[in-house]
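Chemist: Following is a predicted model, sequence given first.
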Amino acid sequence: MSTGEANSDDPALIQRFCAGDEQAFATLVRTYQSLAHAVAWRITARQDLAADVVQEAFLRILRHRENFDPARAFKPWLLQIIRNLAIDALRLTRRHDEATAETGAVTVDPGVSLDAAETRARVAQVLGLLPEKYREILVMREMEGLPAEEIAERIGVEYATTRWRLHEARRLFRNAWLARFGAEEGVTHG
Amino acid sequence: MAERKVLLRQAAGDYSAGDLPPEDALAFEELMAKDPALSQETAFWRGLRSGGLADPGAPPAPPADLADVIIRRSALAVRRPVAPRPRSWFLPLSAVAALVLSVGGWAAGRYSATVGTPLVTAAATITEKDEVSLARPVAWMEDGSPVMPPSTNVSWASYMPQRLRSEVETSVANPVPGEAKPWIGVWTKPAKLLEKGSPLRDAHLVIRVVEGSPAWNLGIRPGDMMLSLNGCPLMTPDCMGEAMVTLRAGDRVPASWWSAGDGKRHDGSLVLQAVHE
């Protein structure tokens, strides 16, 4: 079985980064910023949040570089952090919605319907309740739009296992959604 | 039977995601027409997707300066000295200095003369005379509760812990020459900003600004909200404190703030001044 996405990074670069080489870190930032931003964007659908998430993810990686095994692939590590931070950032938008309801203020992104923003924020709330391995796979399939075959390749498990994990993730998600928001709130924004 | 039910639920997820081959999708639709539970399961996922979960489209390009901001912040992190975490109060070191200058200058009515002066000798008392008037709620405590209701005057001094008030009064009365610290001339407290077009964000409510200071010259006024300094998006509570510990006087840094005057976000840059504590 594969141990994860193929390590396309320059091993020497990763080793220099882990050893504290600032230039190596800068190279990684410039290499992966677009990919990281794209993933954050697909989850948050907000450019400002996506940029904040990317900043925080790289700084978090820098702070924890001593814990990273240079033999591992860098990109999956980065993207996993991006996904978690993006979900966290989206969850905060739920608080914004609640504050909006309290104050009567209306703050909606241009071009984004309130229903869409509300749905995404609620999804993030529920995703936050799921175990990591289910949350990750659901985000990759439902929010990033990756096909199951590609997800299997990225997370380094068999295709059949990926399918089963995806089904289990959907079941857990739906149960958590109904428990949190109830059947009456449904998701029929159409 | 139970196994078939599980398989059908799995198929509902695949069907709604468009993962079923066309012939299987047709067969599933026939089954769905006869099974309300299956139909409900499918409707749940369809509703999520049509309601906003679906792929938002091609991602825009990241901000042009994103990599530069990250690298600049990383340099700060590397340069950061080993020191106790800053207080939860914003700009802890410089805040005391800012207050010293602002209160002293304000009491004596000579801001322009005190700004940039290495030592402050004027004794001052902290009063609650200064107020921030907000026409609508823009600030929240970190737990999400409103800091102020609409049209409420807020006393800046009411935010100051008594311990810190004593510290400031002591430092004003007994100035001691010390190391130069970078300073922008604001006194703030952590808050949440409800900015039009953005979610509830971490920010810092500007309680006081020293006239003639870098922040003042940039146009920052009491009641405004500091959003970022030197690229720190304020996602972490000590981001600004970290910046103020590692930056040097004379550094030019970008700043973003929300203005209570026009209700808009502004971006600019300022040169950190030196202040001696």
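Modeler: It's in.

Chemist: Going by C-alpha atoms from here, please, whenever you check contacts or count neighbours.
Modeler: OK.

Chemist: Would you point out the helix or strand in the chain whose mean pLDDT is lowest?
Modeler: Reading this off chain A. helix A:74-103 (a mean of 72; mean pLDDT, DSSP states H and E).

Chemist: My question was about chain B, not that one.
Modeler: helix B:111-114 (a mean of 21).

Chemist: three-state assignment of B:Pro63?
Modeler: coil (DSSP: H, G, I helix; E, B strand; the rest coil).

Chemist: burial of the closest residue to it other than its chain neighbours, as a residue count?
Modeler: Nearest non-adjacent residue to B:Pro63, counting by C-alpha to C-alpha, 6 or more residues apart in numbering or on different chains: A:Ala51, 7.2 Å away. Around A:Ala51 there are 22 other residues, counting by other C-alpha atoms under 10 Å in any protein chain shown.

Chemist: so who does A:Ala51 touch?
Modeler: A:37, A:40, B:62-63, B:66 (C-alpha atoms under 8 Å, 6 or more residues apart in numbering or on different chains).

Chemist: quick one: which of these is nearest B:Gly47?
Modeler: Checking the contacts of A:Ala51 against B:Gly47 by C-alpha to C-alpha gives A:Ala40 as the nearest, at 22.5 Å.

Chemist: Was I right to think the closest one contacts A:Ile82?
Modeler: Yes - with contacts counted by C-alpha atoms under 8 Å, A:Ala40 reaches A:Ile82, the gap being 6.3 Å.

Chemist: Which residue of the two possesses the greater neighbour count?
Modeler: A:Ala40 (30 against 24).

Chemist: SS state for B:Gly212?
Modeler: B:Gly212 - assigned by three-state DSSP - is coil.

Chemist: Ok, B:Val253 next?
Modeler: Here B:Val253 is strand, with the state taken from three-state DSSP.

Chemist: Bridged to it, which residues?
Modeler: Taking DSSP bridges, one obtains B:Leu270 as the residues bridged to B:Val253.

Chemist: Out of the contacts of A:Ala51, give me the one that has the most neighbours.
Modeler: In the contacts of A:Ala51, the most neighbours by other C-alpha under 10 Å go to A:Ala40, 30 neighbours.

Chemist: if we look at stretch A:169-179, which residues are touching it?
Modeler: A:126-127, A:129-130, A:134-135, A:137-138, B:13.

Chemist: Could I get the CA-only coordinates of the helix or strand that contains B:Ala33 as CSV?
Modeler: Using DSSP states H and E, B:Ala33 maps to helix B:22-34. Extracted in CSV, the C-alpha atoms of helix B:22-34 (Å, rounded to 0.1, in the frame of the first residue of the first chain):
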residue,chain,number,x,y,z
PRO,B,22,-25.7,6.4,-16.4
GLU,B,23,-27.4,2.9,-16.4
ASP,B,24,-27.0,2.6,-12.6
ALA,B,25,-28.3,6.1,-12.1
LEU,B,26,-31.5,5.2,-14.1
ALA,B,27,-32.0,2.1,-12.0
PHE,B,28,-31.5,4.1,-8.8
GLU,B,29,-34.0,6.6,-9.9
GLU,B,30,-36.6,3.9,-10.3
LEU,B,31,-35.9,2.6,-6.8
MET,B,32,-35.9,6.0,-5.4
ALA,B,33,-39.4,6.7,-6.7
LYS,B,34,-40.6,3.7,-4.6
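
Chemist: which strands and helices sit next to that helix?
Modeler: If contacts are counted by 3 or more C-alpha pairs under 8 Å, 6 or more residues apart in numbering or on different chains; DSSP states H and E, helix B:22-34 sits against helix B:2-17, helix B:36-48.
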